[in-house]
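Engineer: sequence unknown, structure follows:
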């Protein structure tokens, strides 16, 4: 766990992550003395419930090159105080991207093994954005790396917050026309590229074969814009 001083320094360097809009449902507390009082209050509450007092420590709860978890002290709408944990974008402020690739009127799905769920999912190419690279360039990179494709037409489908109740990060979605595709990224856990017609894709959605949110949102936005 990082110190409170490191947390407050991070907040000063990344003010957008700690903004308190007018009439916000919760207000982030950044005064050190107030935070200490809240830690004491919540720590006592946790101890009474049989949990460690350490869980009331405000700060950077976890950080690596991919994930940054913050535990914030907050004031709730009724004036009471509490702690709230959230995942943010590690200070890079670079969105991830996902691309709905279409080849000869078929959507190119990928069969991807996900460590998080320990199961296989039907998805579309995507991943973390790279500092210094535009979202469009990141989308082209993901297409090239995961299915060996280059987009001849790339259309933004706007951003998506996949887990806003916990995660502050977002993804930029794209539609892509691709002329060819080839190799898959085996190292990423991808085993095959599955071309499906729009009718087949819709059946797979209805039959719950597709549960990935990025696929569902990208399909919906592309369909409403009459790209499919």
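Structural biologist: Sure, I can see it. None of the values given here were measured: they were computed from a predicted structure.

Engineer: Just the pLDDT for the residue located most distally from the centre of the chain.
Structural biologist: Centroid-distance maximum for the chain: residue 48 at 34.3 Å, with Cα atoms, centre = their mean. According to the prediction, residue 48 has pLDDT 96.

Engineer: so what's it up against?
Structural biologist: Listed by Cβ atoms under 8 Å, 6 or more residues apart in numbering, the contact set of residue 48 is empty. In short, each C-beta sits where N, CA and C put it, glycine included.

Engineer: Can you tell me how far the nearest residue to residue 114 once chain neighbours are set aside is from residue 103?
Structural biologist: With Cβ to Cβ, 6 or more residues apart in numbering as the criterion, residue 114 has its nearest non-adjacent residue at 5.6 Å, and that residue is residue 121. Distance, residue 121 to residue 103, by Cβ to Cβ, to the nearest Å: 20 Å.

Engineer: what are the phi and psi angles of residue 8?
Structural biologist: Torsion angles at residue 8 (phi, psi; degrees, to the nearest 10) stand at phi -70, psi -30.

Engineer: Contact partners for it?
Structural biologist: 30, 32.

Engineer: how many other residues sit next to residue 116?
Structural biologist: Applying other Cβ atoms under 10 Å, we find 6 residues neighbouring residue 116.

Engineer: Model confidence for it, exactly?
Structural biologist: At residue 116, the model reports a pLDDT of 80.

Engineer: Name whatever forms a beta bridge with residue 102.
Structural biologist: residue 107, residue 177 (DSSP bridges).

Engineer: separation between it and residue 210?
Structural biologist: 16 Å.

Engineer: do residue 155 as well
Structural biologist: For residue 155, the distance to residue 210 - Cβ to Cβ - is 21 Å.

Engineer: neighbour count winner among those two?
Structural biologist: residue 210 (21 against 16).

Engineer: Hmm, residue 216 and the more buried one touching each other?
Structural biologist: Yes. Counting by Cβ atoms under 8 Å, residue 216 is a contact partner of residue 210 at 6.9 Å.

Engineer: Show me the protein divided up by domain.
Structural biologist: Here the domain parsing of the chain from automatic domain parsing is 4-88, 96-224.

Engineer: Would you point to the one among the ones you listed that's packed deepest?
Structural biologist: For the domains of the chain, the largest average neighbour count (mean count of other Cβ atoms under 10 Å) is found in domain 96-224, namely a mean of 17.

Engineer: how long is that one end to end?
Structural biologist: When the termini of domain 96-224 are compared using Cα to Cα, to the nearest Å, they are 23 Å apart.

Engineer: next one: that domain to chain centre, how far?
Structural biologist: 14 Å (Cα atoms, centre = their mean, to the nearest Å).

Engineer: which residues in this protein form helices?
Structural biologist: When assigned using DSSP state H, the helices of the chain occupy the ranges 4-13, 32-48, 135-147, 198-206, 213-224.

Engineer: tilt between the shortest one and helix 213-224?
Structural biologist: Interaxial angle of helix 198-206 relative to helix 213-224 (axes from the mean of the first three to the mean of the last three Cα atoms, to 10 degrees): 140 degrees.
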